[in-house]
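J.: just to be clear, the model below is a prediction. Sequence and coordinates:
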Amino acid sequence: MVTPINKMVEHHLRVSPIVYRYKPDEADLKEGQEMFVVQSMKGENKSYIVMLENTEWSCDCPSFKFRSGVDQLGNCKHIRLIIFLKDNNVEIKEI
Ligand SMILES: [Zn+2]
């Protein structure tokens, strides 16, 4: 089953931001690469790193790794959340 992202979107917009753009040292970010951090809504101090490389998304969460709860494109909820925010021009702050 694909995990819906509406609760995460609502949390990000109305409660507190859970998605940040992650800017490592310039040397560590390649051309066409974008990195994001998605924090847990439960405040468990858990967070996942989402990477976009040109058009290819990846995430370091178990769902992405084991392909469970992903959509037909293989995207986990963290990736789908970031795509949604980008598509809707929601500001993503840097961390
Ligand atoms: Zn993920």
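T.: Cool, got the structure. From a predicted model like this one, the values you see are computed outputs, not experimental measurements.
J.: contacts only, for the residue lying farthest from the centre of the chain.
T.: Distance from the centre of the chain peaks at Ala27, with 21.9 Å (Cα atoms, centre = their mean). Residues counted as contacts of Ala27 (Cβ atoms under 8 Å, 6 or more residues apart in numbering): none. Backbone N, C-alpha and C define where each C-beta goes, glycine included.
J.: three-state assignment of it?
T.: Secondary structure, DSSP: H, G, I helix; E, B strand; the rest coil: Ala27 is helix.
J.: show the pLDDT at it.
T.: At Ala27, the model reports a pLDDT of 73.
J.: nearest residue to Met51 other than its sequence neighbours?
T.: Spatially, and ignoring its direct neighbours in sequence, Met51 is nearest to Ser58 (5.0 Å; Cβ to Cβ, 6 or more residues apart in numbering).
J.: quick one: secondary structure of the one you found?
T.: Of the three states, Ser58 takes strand under three-state DSSP.
J.: separation between it and the ion?
T.: According to Cβ to the ion, to the nearest Å, Ser58 stands 9 Å off from the ion.
J.: for Gly43, see how far away that residue is.
T.: Going from Ser58 to Gly43 by Cβ to Cβ, to the nearest Å gives 25 Å.
J.: among these two, which residue is more densely surrounded?
T.: Taking neighbours as other Cβ atoms under 10 Å, Ser58 and Gly43 compare with Ser58 leading, 16 against 9.
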